[in-house]
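In: fold the following and give me the result.
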Amino acid sequence: MPRLPEPIARFAPLAACLGLAGCVATTPHWDAHFGEAVTTTAYQQRRDPNASVANADRPVDGLEGRTARETMDRYYRSFSEPPQPYSVFTIGVGTGSPGGGR
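Out: Presented below is the predicted three-dimensional model:
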């Protein structure tokens, strides 16, 4: 019986293991945990439905109204007036000196 060439003989067990790994049933494990991320997120969002009533005297973390409005206005304007593209190839070009405009 002829022998296999050295590289093939060396990697044949690895190829066999990889081939058999395709037969392993992982679906039951995935199915058992299906939807856990959605359930956890939904629970975190409704963990305390009365939080706004109980904490009425505490300030809310986040943006105040004027800043939020300006941010949203800038966001909506970006669709009608897209910002000019920024080229990384022009950094330091035209300064007249290799030191960055000194």
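
In: helix or strand for the most centrally placed residue in the chain, which one?
Out: Nearest residue to the geometric centre of the chain (CA atoms, centre = their mean): Ala37, 15.4 Å. According to DSSP states H and E, Ala37 maps onto helix 36-45.

In: list the buried residues in the helix or strand following that helix.
Out: Helices and strands here follow DSSP H and E; after helix 36-45, the next one along the chain is helix 51-54. Buried positions in helix 51-54, judged by neighbour count with 16 or more other CB atoms under 10 Å: none. Placement of C-beta: from N, CA and C, glycine included.

In: after helix 51-54, next one along is what?
Out: Per DSSP H and E, the first helix or strand lying C-terminal to helix 51-54 is helix 65-80.

In: in the chain, which helix or strand is least confident?
Out: Within the chain, confidence by mean pLDDT, DSSP states H and E is lowest for helix 51-54 among all helices and strands, at a mean of 75.

In: show residues contacting that helix.
Out: Asp48 (CB atoms under 8 Å, 6 or more residues apart in numbering).

In: pull the helix holding Ala37 out as CSV, backbone CA atoms only.
Out: Taking C-alpha atoms only, helix 36-45 is exported to CSV below (Å, rounded to 0.1, in the frame of the first residue of the first chain):
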residue,chain,number,x,y,z
GLU,A,36,-32.7,35.8,25.7
ALA,A,37,-31.1,39.1,24.5
VAL,A,38,-34.5,40.5,23.5
THR,A,39,-36.1,39.4,26.8
THR,A,40,-33.3,40.9,28.8
THR,A,41,-33.4,44.2,27.0
ALA,A,42,-37.2,44.4,27.3
TYR,A,43,-36.9,43.7,31.0
GLN,A,44,-34.3,46.4,31.5
GLN,A,45,-36.5,48.9,29.7
